[in-house]
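S.K.: A structural model of the following input is requested.
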Amino acid sequence: MSQFNDIARYYTPQPVQQRFHDSLARYPLLEGGRGGGKSTSLLWEAIGQCLLVPGANVLLVRRTLTSMEKGGIEDLFTKSVPRTFYFRYNASRHIVTFHNGSKLFFGHIKSDADLLQYQGAEFLFIGWEELTQFTYRQWDFLKGSNRCPIKTYWFKNREYAVRPRMAGGTNPNGKGSSWVKALWITKKPVGEMGLNYEPGDYEAIHSTYADNFVYRNDKNYIATLESIVDPVLRQAWLPGSWDILAGQFFQNWDPDRHVKSFGQVTFEDWQPRWMSIDWGFEH
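M.R.: A predicted model of the protein is given here:
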């Protein structure tokens, strides 16, 4: 537990990051533009859970392990977390073992086949780096592993109930942008959730480089983002706008322009007719 108290020596959350850590939502999401400190928040939230709950398992996932090893969240771990915080780090198996028996797993889900490695597993906390790179089915599947046999823990002579949670960090671009936007931004159920959707479980916390003291005055970094030619990608990485559909097929989709009711449209006999349907989040 002393290591938990030492976190403040190495990680001081900025205001937006603190909102993420303080969130009481079942599924908090730190979303927005590049440079907002999302990966750092996910990493230290995972470490904090490991230190608070002895014997717990925690999982941090990204689409590929390569991206975690080279500039990703596992690389961030090796560079910023002091050796005194943990007992052992197995780089080949991507597992961190803490002094109290808790374990932090760095995992990946490149395709649905990778989900089988987590079937039957139990993770107190699951953090998703770049959540929009995943499908809704992959998120939904891991919800079944978001559980913990340990029901309470002690902190400062007080007993607390353990709260399994899943959290994410992401920019609004990627193949999963539509379902992430539905659950956290527009507050709508996905697929067959229906009445099982609880809007209060999903809290979106917006951040950009302007919320990060490291980058907010970094003129070179800001100029680099502003120089991105692709206007959709620039909107995704600078303000972190969910009004764009980066990573989707129709990136120029505009509901005000492209969605019309039949009463608003006059069909002439000579005009060709074309109709399509988008099933949504599942085949």
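
S.K.: quick one: Gly169 and Leu76, what's the gap?
M.R.: Gly169 is 12 Å from Leu76, where distance means Cβ to Cβ, to the nearest Å. The C-beta positions use only the backbone N, C-alpha and C, and glycine is treated the same way.

S.K.: ranges for the strands of the stretch 101-250 of the chain?
M.R.: Here the stretch 101-250 of the chain has its strands, by DSSP state E, counting those that start in this stretch, at 103-108, 125-129, 152-155, 158-161, 165-170, 202-207.

S.K.: most tightly surrounded among these?
M.R.: The highest mean neighbour count among the strands of the stretch 101-250 of the chain, using mean count of other Cβ atoms under 10 Å, belongs to strand 125-129: a mean of 26.

S.K.: what does that one contact?
M.R.: 38-39, 42-43, 45-46, 49, 56, 58-62, 68, 72-73, 134, 139, 142, 145-146, 164-170 (Cβ atoms under 8 Å, 6 or more residues apart in numbering).

S.K.: verify the contact between Thr97 and Tyr86 for me.
M.R.: Yes. Between Thr97 and Tyr86 there is a contact under Cβ atoms under 8 Å: 6.5 Å.

S.K.: can you give me the helices in the chain?
M.R.: 2-10, 15-22, 38-52, 65-69, 73-80, 136-142, 177-180, 219-226, 231-237, 255-258 (DSSP state H).

S.K.: reformat those helices as CSV; add mean neighbour count.
M.R.: Converted to CSV, the helices of the chain look like this (neighbours: other Cβ atoms under 10 Å):
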stretch, mean neighbour count
helix 2-10, 12
helix 15-22, 17
helix 38-52, 24
helix 65-69, 17
helix 73-80, 16
helix 136-142, 19
helix 177-180, 22
helix 219-226, 12
helix 231-237, 19
helix 255-258, 8
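
S.K.: out of those helices, which gets the lowest mean score?
M.R.: Out of these, helix 65-69 stands lowest, with a mean of 66 (criterion: mean pLDDT).

S.K.: leaving out chain neighbours, which residue sits closest to the residue nearest the centre of the chain?
M.R.: Nearest to the geometric centre of the chain sits Gly168, at 1.9 Å (Cα atoms, centre = their mean). Of all residues not flanking Gly168 in the chain, Leu131 sits nearest, at 3.6 Å (Cβ to Cβ, 6 or more residues apart in numbering).

S.K.: show me the contacts for that neighbour.
M.R.: By Cβ under 8 Å, 6+ apart, Leu131 lies in contact with 29, 139, 168-170, 176, 180.

S.K.: ok, Asp112 next?
M.R.: 135, 137-138, 141.

S.K.: what's the closest of the strands of the stretch 101-250 of the chain to Lys219?
M.R.: Comparison of those against Lys219 by Cβ to Cβ identifies strand 202-207 as nearest, at 19.6 Å.

S.K.: kindly state the pLDDT recorded for the nearest residue to Lys181 once chain neighbours are set aside?
M.R.: Closest residue to Lys181 apart from its sequence neighbours, by Cβ to Cβ, 6+ apart: Trp242 at 5.1 Å. The model reports Trp242 with a pLDDT of 88.
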